[in-house]
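> need a 3D model of the sequence below.
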Amino acid sequence: MTSRPIGVNTWVWTSPLTDESLRRLAPRVRDWGFDLIELPVEHLGDWDPQAAARLLADLGLGATVTLVMGEGSELVATDAETVRATQDYLRGVVDAAHAVGSPVIAGPAYASVGRTWRMGEEERRRCYAELAENLAPVAEHGRQAGVRIAVEPLNRYETSLLNTVDQALEALAALPDVGLLLDVYHLNIEERDVPAAIRRAGSRIAHVQVCANDRGAPGADHLPWPQILAALDDAGYTGPLCIESFTGENETIATAASIWRPLAVTQDAIAVDGLAHLKGLMPRS
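This next block holds a predicted model:
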């Protein structure tokens, strides 16, 4: 089984990320033994990418960057002004990723989280074509910056557009340089066979997020972790596994992620216990 870097998203503890909270969290993440820290960009300017780059370099931490499709962020079934504003935001996230050395921006880069609507097959095909057209300029900006877009299928309660690996592959067929973010939480809900879905994603996998089936610490759950990691090996994915969970202390993010109860004894335990579980599954270096 491949040994790969392990990271953790700052959403485990705080939202939105700020310069101050990153200065507080990053040394702890490094001391626990993580290889990288995952930085969400909820709004451009919440944190300074140049300052973050210096801090992480001093700590010897790598970085990945996640995009956030909040209310009003849309690339499909919307007006041209909204599309342009969303593209501008995504380009800004690319620039932040480039500054901190992240090879990806990862997230549901198509519609705001929580936006659902019924659609027939013809409308779905139109939306997929619209997504490819509107995401293409962002992908080109990413290519020039050395940053790949990783599009995340979400579960049925958070979107009606891309729920499965197969849907994402269909929607992005015209954009071969755009990859997929596979989040085990969503795969567990939407895929009938999680390892098989990972293998179908294959070389399109650009980023992977992990947590327990209830968004707690990886390993404190029923998920088949050895089979999941073996499938990632078979798919040829050698990138990081990033633990993503959320704090219930922030009302906005707790509501958005449906965090209604504690998911571990402490938020730290989600990171520390998850790291220990994942490292235990990998060969020792």
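> secondary structure element holding the residue of the chain positioned farthest from its centre?
Ranked by distance from the centre of the chain (CA atoms, centre = their mean), the top residue is Glu122, with 28.6 Å. Per DSSP states H and E: Glu122 is located in helix 121-145.
> now that helix: average pLDDT?
Averaging pLDDT along helix 121-145 yields 98.
> same deal with stretch 46-55?
pLDDT averaged over stretch 46-55 gives 98.
> can you give me how far stretch 202-217 is from the chain middle?
Relative to its parent chain, stretch 202-217 has a centroid offset of 8 Å by CA atoms, centre = their mean, to the nearest Å.
> from here on, count from 137
From this message on, residue numbering opens at 137, which makes the last subject stretch 338-353.
> now the end-to-end length of it.
Using CA to CA, to the nearest Å, one end of stretch 338-353 lies 25 Å from the other.
> show me what the helix holding Glu258 is packed up against.
Helix 257-281 is packed against helix 216-236, strand 284-287, helix 301-307, with contacts defined by 3 or more CB pairs under 8 Å, 6 or more residues apart in numbering; DSSP states H and E. Quick note: C-beta positions are derived from backbone N, CA and C, even for glycine.
> now the first one: buried residues?
For helix 216-236, the buried set under the neighbour-count rule, 16 or more other CB atoms under 10 Å, comprises 219, 222-223, 225-236.
> now the angle from that helix to helix 257-281?
40 degrees (axes from the mean of the first three to the mean of the last three CA atoms, to 10 degrees).
> what helices or strands is helix 216-236 leaning on?
By 3+ CB pairs under 8 Å, 6+ apart, helix 216-236 packs against strand 172-177, helix 185-195, strand 198-203, strand 240-243, helix 257-281.
> next one: Ser139, what pLDDT does it get?
So Ser139 comes in at 89 (pLDDT).
> what strand or helix carries it?
Using DSSP H and E, no helix or strand contains Ser139.
> pretty sure it is touching Leu417, no?
No: with contact defined as CB atoms under 8 Å, Ser139 does not reach Leu417; the gap is 9.7 Å.
> these two - which one has more neighbours?
Comparing Ser139 with Leu417 by other CB atoms under 10 Å, the one with more neighbours is Leu417, at 16 against 12.
> so who does that one touch?
Taking CB atoms under 8 Å, 6 or more residues apart in numbering, we find Leu417 in contact with 137, 361-362, 365.
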